[in-house]
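*Asks:* What shape does this take:
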Amino acid sequence: QVQLVESGGGLVQAGGSLRLSCAASGSIFSINRMGWYRQAPGKQRELVAAITSGGSTHYADSVKGRFTISRDNAKNTVYLQMSSLKPEDTAVYYCNADGIAFAPDIRPLDAWGQGTLVTVSS
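*Replies:* You can find the predicted model right below:
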């Protein structure tokens, strides 16, 4: 099994910053892409940012210039540095990893974290 554990959420005032972390562990053979998604109340889950093992990044238009995604491949950990936060960034943020797992056999990996709540007050 593969587990993703997120941390770093919380309450922050508009204009403030937060850093989210997500560590993957378990029967991981390799991780290709890691990403952060978010889901606000009454809305669909949306991609916020993603990063490949080679370091290529993708951002949602709404967070470009404010959020930065990075990863430590040796630790199977991905980070999301969020700055200039806005009330509309309030959501549960989920970490996702896709790649290959090795137990109980070699198989595709698509794992999700439990989510961490980010609340931005105006």
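*Asks:* List the buried residues for stretch 65-77?
*Replies:* 67-69, 71, 76-77 (16 or more other CB atoms under 10 Å). In this view, the C-beta of every residue, glycine as well, is placed from N, C-alpha and C.
*Asks:* Widest-spaced pair of those?
*Replies:* Maximum pairwise distance in those, criterion CB to CB, is 20.5 Å, between 67 and 76.
*Asks:* hmm, back to that, let's have the buried residues of stretch 65-77 in CSV, adding distance to residue 98, secondary structure and pLDDT.
*Replies:* CSV is the format used below for the buried residues of stretch 65-77 (distance: CB to CB, whole Å; DSSP: H, G, I helix; E, B strand; the rest coil; pLDDT from 0 to 100):
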residue, distance to residue 98, secondary structure, pLDDT
67, 20, strand, 98
68, 21, strand, 98
69, 15, strand, 98
71, 13, strand, 96
76, 12, coil, 95
77, 15, strand, 97
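*Asks:* For those residues, could you give me TSV that also reports distance to residue 90?
*Replies:* Output for the buried residues of stretch 65-77, formatted as TSV (distance: CB to CB, whole Å):
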residue	distance to residue 90
67	14
68	19
69	19
71	24
76	28
77	24
